[in-house]
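Student: got a predicted structure here, sequence first:
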Amino acid sequence: MTEQDFILKSYNSNIESGSVKWESPSNIALVKYWGKKDHQIPENPSISFTLSDCKTITEITFTKRDPSAVLKVTPSFDFDVYFEGKKNEAFKPKIQTFFERIETYMPFLRDYHFKIETSNTFPHSSGIASSASGMSAIALCLMSIERLLSTDVISTERSMSDEKSHFNQKASFLARLGSGSACRSIEGELVVWGKNESIAESSDLYGVKFEGDVHSNFNNYQDTILLVDKGEKQVSSTVGHQLMYGHPFAQERFKQAHENLAQLKTILASGDLDEFIKIVENEALTLHAMMMTSMPYFILMKPNTLEIINKIWAYREKTDSKVCFTLDAGANVHVLYPQKEQDSVLEFIKNELIRYCQNEHYICDQIGKGALQINS
Ligand code: DP6
C-alpha cells in the first residue's frame with residue numbers, strides 16, 4: 001500500500017446530507033512511539049493494547065454547502081465542533097490542520113458543512129490523552145461518509161473482507177495524520193504501527209492488527225489508570241516528538257524499539273509475564289529518560305509517580321504477582337495485570353496506591369476489541 005492507494009477518485013456530491021456516528025477507544029503503548037519524521041511517519045515501530053472503556057463517541061452530520069460559497073469563503077473548510085453538548089472553539093485548530101492534511105485523500109471535504117459532536121467516557125480534565133480516541137473517531141466518521149459518497153468502481157471489485165480491511169486501513173491512515181497514536185485505535189486487541197522486520201504486514205502509514213499468536217495469559221488484560229496529575233500536559237506531544245531531533249541517544253533508542261517489539265512478539269506467544277514486565281517497564285522508563293536527556297529537558301513524572309512505581313515493585317517482590325506499570329508522556333500510571341489477579345491487585349491498588357492519585361481518582365479499564373459504528 002502506498003499513499004496513492006488512499007486517494008478517493010470519484011464521488012457523488014449530489015448527496016445533500018446525512019449523519020454517521022462512531023465510538024473509538026484510547027490505547028496504551030507497550031513499545032512507545034516517540035520521535036517522528038515529516039508527514040507523521042514514526043521514527044520507530046510501536047505496539048499497543050487497545051482499551052475498552054476509555055473512548056470517544058463522535059457523530060458527524062454533513063450538509064451540502066452552497067457551491068458558490070465554497071469558492072468564496074475562507075477558511076476553506078466549514079465545520080463546527082461541539083464537545084459534551086457545548087460549542088467548542090479550542091478543538092478547531094487541530095481539526096483544521098487535520099482536514100488540511102487529509103484533503104488529498106478525501107476531496108469532498110470542502111463540499112460539505114460538518115457538525116462534529118463529540119464526548120468522552122472518561123473525565124475531560126483527567127490528564128488522559130484524548131487525541132487517540134478523538135482523532136480515530138473523527139477519521140472513522142469521515143470514512144463512513146466517504147463510503148456513502150464514493151462511486152469508485154473498486155468497491156464492487158473488492159470482496160466484503162477486502163472492503164472492510166481497506167476501510168480500517170484508510171481510517172487508520174487518516175487517524176495517523178490527526179495524531180500518530182490514533183492510528184492504533186481502530187482495531188483491537190493489539191495493534192502495531194511502524195515498519196518492523198519481525199512483523200511482515202507492518203507499515204509506517206497505518207496501524208495493523210497484531211496477527212501473531214497471543215497466549216491466554218493476555219486475555220482480558222487489565223489496565224487501571226491512576227490519575228496522579230489531572231492538569232494540562234506540561235509538554236505537548238508535538239513538542240515532545242521534536243525533542244528527538246538531534247537527541248544524542250536517538251538512534252540507539254530507535255534501534256532498541258525495533259528489538260523490543262521483536263522480543264515482545266515472542267513473549268506474547270509464550271505468555272512469559274516476567275519477560276513481558278521487563279520490556280514494558282523498560283519502555284516506559286526509556287520514554288521518560290529520553291525526555292530527561294533532551295535539550296530542553298523535562299521531568300514529567302511527579303513524586304507520586306515514583307511512589308507508585310516503588311510500591312508496585314515492592315508488591316511484586318513480596319507476592320508472586322505479575323502486575324507492572326507503564327507511563328505515557330505525563331505523570332499518570334497505567335497499572336497492567338492479568339485478569340486472574342483482578343481481585344488481589346485491585347485490593348492492593350485501593351489499599352496502597354490510590355492515596356497517590358489526585359482526589360483518589362482512578363479508572364478501571366481492560367484490553368478491548370476496537371472501534372464500533374453506532375446507528376444514529
Ligand atoms: C508517549 O500520538 O500524541 O503516548 O502524533 O504528535 O499527535 P502526535 O503524538 P501522540 O504521541 C503519543 C506518544 C506516547 C507514546 C505512544 O502512544 O506510543
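Tutor: Perfect, I can see it now.
Student: rest of the way, CA atoms for contacts and neighbours
Tutor: Fine.
Student: tell me the mean pLDDT for the helix or strand hosting residue 268?
Tutor: According to DSSP states H and E, residue 268 maps onto helix 250-270. Averaged across helix 250-270, pLDDT comes to 98.
Student: following element in sequence after that helix, please.
Tutor: helix 273-292.
Student: list the buried ones in that following helix?
Tutor: Residues of helix 273-292 classed as buried: 273, 276-277, 279-284, 286-288, 290-291 (neighbour count, 16 or more other CA atoms under 10 Å).
Student: please name the nearest non-neighbouring residue to residue 243.
Tutor: Nearest residue to residue 243, sequence neighbours excluded (CA to CA, 6 or more residues apart in numbering): residue 294, at 5.9 Å.
Student: swap in residue 111?
Tutor: residue 65 (5.7 Å).
Student: run a quick neighbour tally on the one you found.
Tutor: Residues within reach of residue 65, counting by other CA atoms under 10 Å, total 16.
Student: got the contact list for it?
Tutor: By CA atoms under 8 Å, 6 or more residues apart in numbering, the contact list for residue 65 reads 111-113.
Student: can you pull out the low-pLDDT segments for the stretch 251-376 of the chain?
Tutor: 376 (pLDDT under 70).
Student: and the contacts of stretch 164-175?
Tutor: So stretch 164-175 is contacted by 6, 102, 135-136, 138-140, 143, 182-187, 205-208 (CA under 8 Å, 6+ apart).
Student: inside helices: which ones of the residues you listed?
Tutor: Secondary structure from DSSP state H places 102, 135-136, 138-140, 143 of the contacts of stretch 164-175 in helices.
Student: which one of the residues you listed sits closest to the ligand?
Tutor: Using CA to the nearest ligand atom, residue 135 is the member of those that lies nearest the ligand, at 9.1 Å.
Student: and that closest one, what does it touch?
Tutor: Applying CA under 8 Å, 6+ apart, the residues contacting residue 135 are 175, 178-179, 182.
Student: same question for residue 206.
Tutor: Contacts for residue 206 were tallied using CA under 8 Å, 6+ apart; they are 169-170, 172-173, 176, 183-184, 193-194.
Student: what does the stretch 51-200 of the chain have sitting close to the ligand?
Tutor: 179-181 (CA under 6 Å from any ligand atom).
Student: neighbour-wise, which of those leads?
Tutor: Going by other CA under 10 Å, residue 181 tops those with 31 neighbours.
Student: name all residues that make contact with it.
Tutor: Contacts of residue 181 by CA under 8 Å, 6+ apart are 27, 33, 132.
Student: cool, residue 183 as well?
Tutor: Counting by CA under 8 Å, 6+ apart, residue 183 has contacts 132, 136, 171-176, 193, 206-207.
Student: could you identify which of the contacts of residue 206 has the most neighbours?
Tutor: Most surrounded of the contacts of residue 206: other CA under 10 Å gives residue 184, at 36 neighbours.
Student: residue 187 bridge partners, please.
Tutor: residue 370 (DSSP bridges).
Student: thought it was touching residue 211?
Tutor: No. With contacts counted by CA atoms under 8 Å, residue 187 stays clear of residue 211, the gap being 11.6 Å.
Student: between the two, which is the more surrounded one?
Tutor: residue 187 (25 against 13).
Student: returning to that earlier point: in TSV: the residues of the stretch 51-200 of the chain next to the ligand, plus pLDDT.
Tutor: Below are these laid out as TSV (pLDDT from 0 to 100):
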residue	pLDDT
179	96
180	97
181	97
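Student: just the ones of the contacts of residue 135 in helices?
Tutor: Among the contacts of residue 135, DSSP H puts 175, 178 in helices.
Student: closest to the ligand out of the contacts of residue 135?
Tutor: For those, the nearest to the ligand is residue 179 (3.3 Å; CA to the nearest ligand atom).
Student: phi, psi for the closest one please.
Tutor: phi -160, psi 130 (degrees, to the nearest 10).
Student: ok so, going back, how about the CA coordinates for the helix holding residue 268, as PDB?
Tutor: Taking Å, rounded to 0.1, in the frame of the first residue of the first chain, the C-alpha atoms of helix 250-270 are listed here in PDB:
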ATOM      1  CA  ALA A 250      18.000   8.900  19.400                       C
ATOM      2  CA  GLN A 251      19.500   6.300  17.000                       C
ATOM      3  CA  GLU A 252      20.100   3.800  19.800                       C
ATOM      4  CA  ARG A 253      16.600   4.400  21.100                       C
ATOM      5  CA  PHE A 254      15.000   3.800  17.700                       C
ATOM      6  CA  LYS A 255      17.100   0.600  17.400                       C
ATOM      7  CA  GLN A 256      16.000  -0.600  20.800                       C
ATOM      8  CA  ALA A 257      12.300  -0.100  20.000                       C
ATOM      9  CA  HIS A 258      12.700  -2.400  17.000                       C
ATOM     10  CA  GLU A 259      14.400  -5.000  19.200                       C
ATOM     11  CA  ASN A 260      11.900  -4.700  22.000                       C
ATOM     12  CA  LEU A 261       9.000  -5.200  19.500                       C
ATOM     13  CA  ALA A 262      10.600  -8.300  18.000                       C
ATOM     14  CA  GLN A 263      11.100  -9.700  21.500                       C
ATOM     15  CA  LEU A 264       7.600  -8.800  22.600                       C
ATOM     16  CA  LYS A 265       6.200 -10.800  19.700                       C
ATOM     17  CA  THR A 266       7.900 -13.900  21.100                       C
ATOM     18  CA  ILE A 267       6.700 -13.100  24.600                       C
ATOM     19  CA  LEU A 268       3.100 -12.500  23.500                       C
ATOM     20  CA  ALA A 269       3.100 -16.000  22.100                       C
ATOM     21  CA  SER A 270       4.900 -17.700  25.000                       C
END
